[in-house]
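> below are the sequence and a predicted model; questions follow.
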Amino acid sequence: MNRLRVVYFGTPYFAADLLEKIITDKNLPLKIHAVVTKNDSKVGKKQLLTPSPVKEIAKKYNIDVLYDYQDKFLEYINENKIDLALLFAYGKIIPKEILKSVKYGFWIMHPSLLPKYKGAFPFAYVLINNEEKTGVTLIKADEGIDTGEVIGQKELLIGPDEKRPELIDRLVDLGYELVKEKVNEFITGNFSLKTTKQIKADHPITKKLKREQGFVAVQALKNAMSKEGRHIYDFYRGLYPWPGIWTVVKIKGKEKRLKITDMAFSTNKIILKKVQLEGKKEVDFKTFNLAYKIFI
């Protein structure tokens with residue numbers, strides 16, 4: 001079987017998941033020759049230098065690693081006769097001259113139904129906004145942010161209690177199916193790529209999540225525990241597990257952060273199940289509230 005020679009661009013764990021699915025599918029006419037990912041970064045309290053998840057998968061399968069598209073990338077493309085670049089959650093905008101360097105261009109997998117939810121974190125905001133469906137879109141890259149012409153798209157219904165990690169896993173599976181479908185169509189169609197222009201729409205671009213975004217006032221939590229709690233529950237679903245939602249409580253006159261680590265939703269109210277007080281271990285909410293009597 002003739003396989004397209006591919007360079008894969010990506011960084012986080014879900015990009016690594018898609019990469020491994022492609023590598024291990026022996027019937028898929030793609031061969032990953034190299035990955036392009038971010039440099040190793042310091043992680044955790046001990047600030048240990050840690051490779052990206054995509055680099056870890058590349059090492060597992062003895063695949064070349066390039067740390068930046070400027071790291072002898074053009075030379076590598078020419079020497080290895082690369083046909084296609086496939087990008088999923090790489091985290092950088094690719095310059096025009098690089099986009100033109102690969103024979104069949106750059107294909108970007110984006111985890112939303114473009115043109116809605118462009119940008120870095122669509123899977124968080126579809127949950128926060130209580131969307132009923134999302135999906136994946138495969139586009140041919142241009143110089144904009146997720147503005148390229150559409151190669152293909154698949155929809156996915158969102159479960160009412162689905163949290164971000166579950167949704168991401170399902171989107172990766174769906175993206176893998178879309179890649180298989182469109183690569184096979186491309187090859188059997190004599191390397192002719194059929195695309196459609198995106199509908200022009202003024203949708204906001206989703207940005208990376210920040211720790212402070214998860215703040216919810218104690219009174220807002222109390223209100224959501226008694227009525228109209230859907231918006232808080234959706235906020236929790238989108239921000240789980242990081243940055244998570246949290247509030248500030250007074251313990252013996254001192255303000256402390258209280259993280260809501262587990263929550264349910266029933267009869268239009270939120271049900272707090274587990275919490276973690278700053279400097280303490282996670283406990284059942286009932287145990288916490290018996291001790292501190294804040295949510296009364």
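Alright, I've got the coordinates.
> which of the helices or strands spans residue 166?
Taking DSSP states H and E as the definition, residue 166 sits inside helix 164-188.
> model confidence over that helix, on average?
Averaging pLDDT along helix 164-188 gives 97.
> bridging residues for the residue nearest to residue 218 when sequence neighbours are not counted?
Residue nearest to residue 218 in three dimensions, not counting chain neighbours: residue 247, with 5.1 Å by C-beta to C-beta, 6 or more residues apart in numbering. Any C-beta I mention is one placed from the backbone N, CA and C, and that applies to glycine too. On the basis of DSSP bridges, residue 247 is bridged to residue 258.
> after the helix or strand harbouring residue 20 comes which helix or strand?
If you go by DSSP H and E, residue 20 is part of helix 13-24. Next helix or strand after helix 13-24 toward the C-terminus (DSSP H and E): strand 30-36.
> give me the helices and strands touching that next one, please.
Helices and strands touching strand 30-36, by 3 or more C-beta pairs under 8 Å, 6 or more residues apart in numbering; DSSP states H and E, are strand 4-10, helix 13-24, helix 53-60, strand 64-66.
> deepest in the core, which of these is it.
Using mean count of other C-beta atoms under 10 Å, the stretch among those with the greatest mean number of neighbours is strand 4-10 (a mean of 23).
> circling back: the helix holding residue 166 to strand 30-36, inter-axis angle?
130 degrees (axes from the mean of the first three to the mean of the last three C-alpha atoms, to 10 degrees).
> who touches helix 164-188?
If you take C-beta atoms under 8 Å, 6 or more residues apart in numbering as the criterion, helix 164-188 is touched by 2, 4, 14, 17-18, 21-22, 25, 28-30, 86, 88, 104, 107, 109, 111, 123-124, 126-127, 134-136, 138, 151-154, 156, 158-159, 192-194, 237-241.
> before we move on, what about stretch 47-62?
8, 10-13, 15-16, 19-20, 23, 32, 34-35, 37-38, 40-44, 63-65.
> hmm, back to that, so which of the contacts of helix 164-188 belong to helices?
14, 17, 18, 21, 22, 123, 124, 126, 127, 237, 238, 239 (DSSP state H).
> out of the residues you listed, who's nearest residue 96?
residue 18 (25.4 Å; C-beta to C-beta).
> from memory that closest one sits against residue 108, does it?
No - in this structure residue 18 lies outside contact range of residue 108 using C-beta atoms under 8 Å: 12.0 Å.
> what is in contact with those two at once?
With C-beta under 8 Å, 6+ apart as the test, residue 18 and residue 108 both reach residue 88.
> follow-up on the earlier one: list the helices and strands the helix holding residue 20 packs on?
strand 4-10, strand 30-36, helix 53-60, strand 84-88, helix 164-188.
> possible to save the ones in helices among the contacts of helix 164-188 as CSV with distance to residue 184 and pLDDT?
Output for the ones in helices among the contacts of helix 164-188, formatted as CSV (distance: C-beta to C-beta, whole Å; pLDDT from 0 to 100):
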residue, distance to residue 184, pLDDT
14, 23, 97
17, 21, 98
18, 17, 98
21, 15, 98
22, 13, 98
123, 26, 96
124, 32, 97
126, 28, 98
127, 32, 98
237, 35, 98
238, 34, 98
239, 37, 98
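> among these, which one sits closest to residue 267?
For those, the nearest to residue 267 is residue 237 (17.4 Å; C-beta to C-beta).
> quick one: contacts for the closest residue to the closest one other than its chain neighbours?
With sequence-adjacent residues excluded and distances taken as C-beta to C-beta, 6+ apart, residue 237 is closest to residue 127, at 4.4 Å. Remark: with contacts taken as C-beta under 8 Å, 6+ apart, residue 127 is in contact with 158, 162, 163, 164, 167, 234, 237, 238.
> next: residue 228.
Counted by C-beta under 8 Å, 6+ apart, residue 228 has contacts residue 268.
> what's the spacing between it and residue 246?
21 Å (C-beta to C-beta, to the nearest Å).
> from the chain's centroid, how far away is the helix holding residue 166?
Here helix 164-188 is found 14 Å from its chain centre; the criterion is C-alpha atoms, centre = their mean, to the nearest Å.
> tell me the angle that helix makes with strand 84-88.
Computed by the same axes, to 10 degrees, the angle between helix 164-188 and strand 84-88 is 170 degrees.
> pull out the buried positions in helix 164-188.
164, 167-168, 170-172, 174-176, 178-180, 182-183, 186-187 (16 or more other C-beta atoms under 10 Å).
> what packs against the helix or strand bottoming out on mean pLDDT in the chain?
When the helices and strands of the chain are scored by mean pLDDT, DSSP states H and E, strand 41-43 comes last with a mean of 82. Applying 3+ C-beta pairs under 8 Å, 6+ apart, we find strand 41-43 packed against strand 48-50.
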